[in-house]
Every structure is written in C-alpha cells, then in structure tokens.
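Peer 1: sequence below, structure please.
(one chain, ligands or ions: 2)
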Amino acid sequence: MNSVLKLENINAYYDKSHILFDLNLEVEEGNAVCILGRNGVGKSTTMKTIMGIMNPKNHNRTEGRVFLNGQDIAGLLSYQIAQKGIAYVPQGRHIFPTLSTKENLLIAGKKGVDGSEYWTLEKIYTLFPRLKERENSMGGKLSGGEQQMLAVARGLMQNPKLMLLDEITEGLAPIIVKQLEDIVKELVSRGVTILVAEQSVNFALEVAKKCYILEKGAVVHESMTADLSKETIAHYLGT
Ligand SMILES: Nc1ncnc2c1ncn2[C@@H]1O[C@H](COP(=O)(O)OP(=O)(O)OP(=O)(O)O)[C@@H](O)[C@H]1O
Ligand SMILES: [Mg+2]
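Peer 2: Ligands and ions are numbered 1, 2, ... in the order given. Below you'll find the model as predicted:
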C-alpha cells in the first residue's frame, strides 16, 4: 500500500523542552491510523509537527522528516502544507462562532489538489443531517457535538488527501461519539485517509486499522488495532 504520510525520526521541542523523541509513524492510503495516549504524551504535538506549526517563529522546532506522498514537507509553512491536501481539525473545535453553520462550511470549500470536488455541501449534509437542520444557526450556538461535527465537515469541504483529527471525541456524550465513529468509518469506506489522535480506546478500536501508543513523547507500542491486547491497553492507557 502507498504511504500517504511518513514521519521519520521526529524530535520536537517547545522552546527548551524536548517533547517528541525519535518518532516514526506511517499512514497508508485509504487507512485510518490512530495515535493513542494519555494526557500530555505528545499527540497534539505530533499533529502540529505535521502541520508545520512547530516552527521557530513560535519558539518551537522539530528535527526529522515528514513525507507527504513521498515529498518532504518538513520546513514548509502551515498554509503551504494545507495547500498540499491535508485538512487539520485541531483539538477543541475551532469553528467561527459568528458565522452560520452553512457559512462555516462554504468558506472552507475548495477543490482538492487533484482537482476533486467530491465533497459538496449537499454530500456533507447527507452525511451530517444535523448540520443541514442547523445550517442557519450561528456556529457559537451549536452544541458541543454539533460543533465537532461542523469542524470535521469543514475539513472535508477541502477535499483533502489526508485528514488529521485531534481528539474529536473529547468531552462528548457516548451517543455523539458513536455518531462520529460512524462518520469516520463512512469516510474511510469512501477512500479518505485519516490520522486520529485519541484518548478513547473504543473509538480507536472502532475506526482505526493500525495504532501507535505514545508515552512521554515516544512510540511505545505499534500494531494493528485488532491485535491490541487488554494488557497493553491497561498498561499504557489505564482503562
Ligand atoms: N505551547 C507549549 N509550550 C510548552 N509546552 C507545551 C506546549 N504545548 C504542549 N506542551 C507540553 O508538551 C507535552 C505534550 O503536549 P501535547 O499537547 O502534545 O499532548 P497531548 O498528548 O495532545 O495531550 P492531551 O491528550 O491532553 O491533548 C506536554 O507535556 C505539554 O505540557
Ligand atoms: Mg492533545
């Protein structure tokens, strides 16, 4: 299988704190891959590294290589990385509170890097009927679950080659988490390649084929999700 994303020997630093240690990770085309780990292990930092946010302008830095479809993108600016077809849904639902649901979606809309226009407003509304119902409501008036759906939907409007979803289940009721699971599974079945960061093992087990467990900024376990043992989960994730 083609590798869409490959991280090689990533080290990341916030100012003088060393956060990621020789991290290697690979996401194959059409796969969903999960980064699991407790609070503060470096999941979001990994996502930020991919997106070029860990840069000297922010007093941060990274070492190592980030390959997107074989091309080294380490050192590019965030907007250049986004333009190469990565949609990033950061932790904590960054939607525009004073724009309507529909406006939030429309301003994100663009053709994919390969010219694809698959994800139209209509298709998004079919996948997220709740967003259609709330299309004229201001982003800030949506519930937490609706905002998270909007954040994911907005990423899709970019017709991305790869989606990065950082803890999209955080703080949501189980029934909403289940809906997000179904949506992510549906995306994978339509060929979208996805990297998720999660604390929810159940979510990872449901949606991801392969998983990496991080501890203190290093990969301590890597396997197919189906092969994750109860002991490994209990040991590293404490559930
Ligand atoms: N802007 C920052 N400046 C300094 N240290 C930071 C910064 N952001 C994160 N850190 C530290 O880096 C480490 C990794 O943080 P990160 O946000 O990547 O963890 P995480 O796995 O995403 O955790 P969570 O599950 O809580 O979101 C933590 O020790 C955190 O305190
Ligand atoms: Mg995080």
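Peer 1: got the CA positions of stretch 69-89 in CSV?
Peer 2: The C-alpha coordinates for stretch 69-89 follow below in CSV (Å, rounded to 0.1, in the frame of the first residue of the first chain):
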residue,chain,number,x,y,z
ASN,A,69,3.1,11.2,-0.8
GLY,A,70,6.9,10.8,-0.8
GLN,A,71,7.6,14.6,-0.8
ASP,A,72,9.5,16.0,2.2
ILE,A,73,7.3,18.8,3.6
ALA,A,74,9.2,19.4,6.8
GLY,A,75,10.1,23.1,7.0
LEU,A,76,7.2,24.3,4.8
LEU,A,77,4.8,26.9,6.2
SER,A,78,1.5,25.7,7.6
TYR,A,79,-0.6,27.2,4.8
GLN,A,80,1.7,25.5,2.2
ILE,A,81,1.2,22.2,3.9
ALA,A,82,-2.6,22.7,4.0
GLN,A,83,-2.5,23.5,0.3
LYS,A,84,-0.8,20.1,-0.4
GLY,A,85,-4.1,18.5,0.7
ILE,A,86,-4.0,18.0,4.4
ALA,A,87,-7.1,19.0,6.4
TYR,A,88,-6.4,19.6,10.0
VAL,A,89,-9.1,19.5,12.7
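Peer 1: was I right about residue 110 contacting residue 155?
Peer 2: No: with contact defined as C-beta atoms under 8 Å, residue 110 does not count as touching residue 155 (11.4 Å). Bear in mind the C-beta positions are built from the backbone N, C-alpha and C, glycine included.
Peer 1: more neighbours: which of these two?
Peer 2: residue 155 (24 against 14; other C-beta atoms under 10 Å).
Peer 1: tally up the residues packed near the residue nearest to residue 218 when sequence neighbours are not counted, please.
Peer 2: Excluding the flanking residues, the one nearest residue 218 by C-beta to C-beta, 6 or more residues apart in numbering is residue 21, at 4.4 Å. Using other C-beta under 10 Å, residue 21 has 15 neighbouring residues.
Peer 1: cool, and residue 118?
Peer 2: Neighbourhood size, residue 118 [other C-beta under 10 Å]: 12.
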